[in-house]
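**Student:** Provide a 3D model corresponding to the input given below.
(chains A and B)
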Amino acid sequence: DQQVKQNSPSLSVQEGRISILNCDYTNSMFDYFLWYKKYPAEGPTFLISISSIKDKNEDGRFTVFLNKSAKHLSLHIVPSQPGDSAVYFCAASAQAGTALIFGKGTTLSVSS
Amino acid sequence: DAGVTQSPTHLIKTRGQHVTLRCSPISGHKSVSWYQQVLGQGPQFIFQYYEKEERGRGNFPDRFSARQFPNYSSELNVNALLLGDSALYLCASSLVVGGARTQYFGPGTRLTVL
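**Tutor:** Sure, this is the predicted structure:
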């Protein structure tokens, strides 16, 4: 049973527009959420995180929104650039937990 | 500063063999975690070590084992390899368990079992 779900396997966006990647979770014990970007043949690169005490965190072009009541988070990339084309993973962890639980990823393609 | 390093980059083994993968964390990080990623899936947690002690274990068989050394580097061992063990093995480091929650990943070791 998947605890972290990324229901969109792929997303295509034009350069300069907004990319919105979505993630749902089922475990109410999760209190820390992260987004990673992964290029082929590389390890995941940390992008941005958010604690459950917040509902928004922003870092440059990347903003993560957390809706705890809906158990939903999203990553907004504005403006999207061709170099953003990669697989994006949502991950979550529980308080004092050890493991990051990952979704299956969403492949973002940004066309110029 | 150097990031997480892993060796080897690629490895080809046959069924039944044993493999050892190595990881060096970011300088100052005391916790190391191991993940397995198969094609089309997100990374799946195998182990976490902190201060040389196992702090967490995922749903993997006893063929998988790991250890952490005094310099915080780590090894992942897999015995009696199966075809299904073919995957990208990722090592991640973090400052401490529980506190700083972000884990930083290395480039991975691509294991192919024939």
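**Student:** Which residues of chain B lie near chain A?
**Tutor:** B:4, B:6, B:33, B:35, B:40-45, B:48, B:55-56, B:58, B:90, B:92, B:97-98, B:101-108, B:110 (C-beta under 8 Å from any C-beta of the partner chain). Every residue, glycine included, has its C-beta placed from N, CA and C.
**Student:** now the residues you listed: which count as buried?
**Tutor:** B:4, B:6, B:33, B:35, B:42-45, B:48, B:55-56, B:58, B:90, B:92, B:97, B:101-108, B:110 (16 or more other C-beta atoms under 10 Å in any protein chain shown).
**Student:** Of the residues of chain B next to chain A, which belong to strands?
**Tutor:** Judged by DSSP state E, strands contain the following of the residues of chain B next to chain A: B:6, B:33, B:35, B:44-45, B:48, B:55-56, B:90, B:92, B:104-105, B:110.
**Student:** Give me the nearest residue to residue 83, chain neighbours excluded.
**Tutor:** I went with chain A, as the question did not name one. Nearest non-adjacent residue to residue A:83, counting by C-beta to C-beta, 6 or more residues apart in numbering or on different chains: residue A:110, 7.8 Å away.
**Student:** Chain B is the one I meant
**Tutor:** That would be residue B:113: by C-beta to C-beta, 6+ apart, it lies 5.3 Å from residue B:83.
**Student:** so that neighbour makes contact with residue B:80?
**Tutor:** No - judged on C-beta atoms under 8 Å, residue B:113 makes no contact with residue B:80 at a distance of 10.5 Å.
**Student:** Overlap in contacts, those two.
**Tutor:** Common neighbours of residue B:113 and residue B:80, using C-beta atoms under 8 Å, 6 or more residues apart in numbering or on different chains, do not exist here.
**Student:** quick one: contacts for the residue nearest to residue B:83?
**Tutor:** With contact taken as C-beta under 8 Å, 6+ apart, residue B:113 is in contact with B:12, B:13, B:14, B:15, B:17, B:81, B:82, B:83, B:84, B:85, B:86.
**Student:** By neighbours, which of these wins?
**Tutor:** residue B:85 (21 neighbours; other C-beta atoms under 10 Å in any protein chain shown).
**Student:** ok, that one to residue B:47 distance?
**Tutor:** Remark: distance between residue B:85 and residue B:47 (C-beta to C-beta, to the nearest Å) = 15 Å.
**Student:** So in terms of bridging, what pairs with the most centrally placed residue in chain B?
**Tutor:** Computing the C-alpha centroid of chain B and ranking residues by C-alpha atoms, centre = their mean puts residue B:34 first, at 3.0 Å. Beta-bridge partners for residue B:34, by DSSP bridges, are residue B:47, residue B:91.
**Student:** buried ones in stretch A:10-25?
**Tutor:** Buried positions in stretch A:10-25, judged by neighbour count with 16+ other C-beta under 10 Å: A:11, A:13, A:19, A:20, A:21, A:22, A:23, A:24, A:25.
**Student:** From the contact counts, what lies against the helix or strand of chain B with the lowest mean pLDDT?
**Tutor:** Lowest by mean pLDDT, DSSP states H and E among the helices and strands of chain B is strand B:53-57, with a mean of 91. Under the contact definition 3 or more C-beta pairs under 8 Å, 6 or more residues apart in numbering or on different chains; DSSP states H and E, strand B:53-57 sits against strand B:44-50.
**Student:** Mind listing residues that contact the strand it packs on?
**Tutor:** The contact list for strand B:44-50, computed with C-beta under 8 Å, 6+ apart, reads A:98-102, B:30-38, B:54-58, B:60, B:64, B:66-68, B:74, B:76, B:96-97.
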